[in-house]
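Visitor: Give me a model of this one.
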Amino acid sequence: MSDLEPFFRPRLQYPERALRLRREGRVIVEFCIGQDGAPQDVRVVEAVPPGLFEQSALRYAAGLRYHPGEGKRPHPVESMGQAIGQAMGQGRQRLEVRFEMRGQA
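Guide: You can find the predicted model right below:
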């Protein structure tokens, strides 16, 4: 089984507040891949710590682009080393976006 691989990944924006607080975290999001290859119905499933990284993770996931029609196959999602994912039934994808201070200004 081959992994679904986005052909475009936006830059993951580390929230300013998290930088000031020197915090790391992770957010799990779910979405479906639309016929046009864009994620649809993107929503947060879990965030650690809550209230700090959700908006950046949602923007990141919404900016991913897949080849049209890929969402019909329920395969794992992967993204730029900062995120890993696993397929959810019915073509729903789950993506874990990790926020790490390494490499941040």
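Visitor: Which helix or strand contains residue 12?
Guide: If you go by DSSP states H and E, residue 12 is not part of any helix or strand.
Visitor: Longest helix in this structure, by number of residues?
Guide: helix 54-63 (DSSP state H).
Visitor: mind checking how far the residue positioned nearest the centre of the chain is from residue 52?
Guide: Nearest to the mean C-alpha position of the chain, by Cα atoms, centre = their mean, lies residue 61 at 3.9 Å. Distance, residue 61 to residue 52, using Cβ to Cβ, to the nearest Å: 16 Å. C-beta coordinates here come from the backbone N, C-alpha and C atoms, glycine included.
Visitor: before we move on, back to that, now do the same contact list for the residue nearest to the centre of the chain.
Guide: Applying Cβ atoms under 8 Å, 6 or more residues apart in numbering to residue 61 gives the contacts 29, 31, 39, 42, 95, 97.
Visitor: Please convert the buried members of those into ChimeraX selection syntax.
Guide: ChimeraX command restricting those to the buried ones, with burial defined by 16 or more other Cβ atoms under 10 Å:
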select :29,31,39,42,95,97
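Visitor: The contacts of residue 61 into TSV, with extra columns for secondary structure and pLDDT?
Guide: Formatted as TSV, these follow (DSSP: H, G, I helix; E, B strand; the rest coil; pLDDT from 0 to 100):
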residue	secondary structure	pLDDT
29	strand	97
31	strand	95
39	strand	95
42	strand	97
95	strand	94
97	strand	96
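Visitor: Just give me the closest of the contacts of residue 61 to residue 66.
Guide: Checking the contacts of residue 61 against residue 66 with Cβ to Cβ, the nearest one is residue 39 at 8.0 Å.
Visitor: contacting residues for the closest one?
Guide: By Cβ under 8 Å, 6+ apart, the neighbours of residue 39 are 31-33, 61-62, 64, 66, 93.
Visitor: Many thanks, we can stop here.
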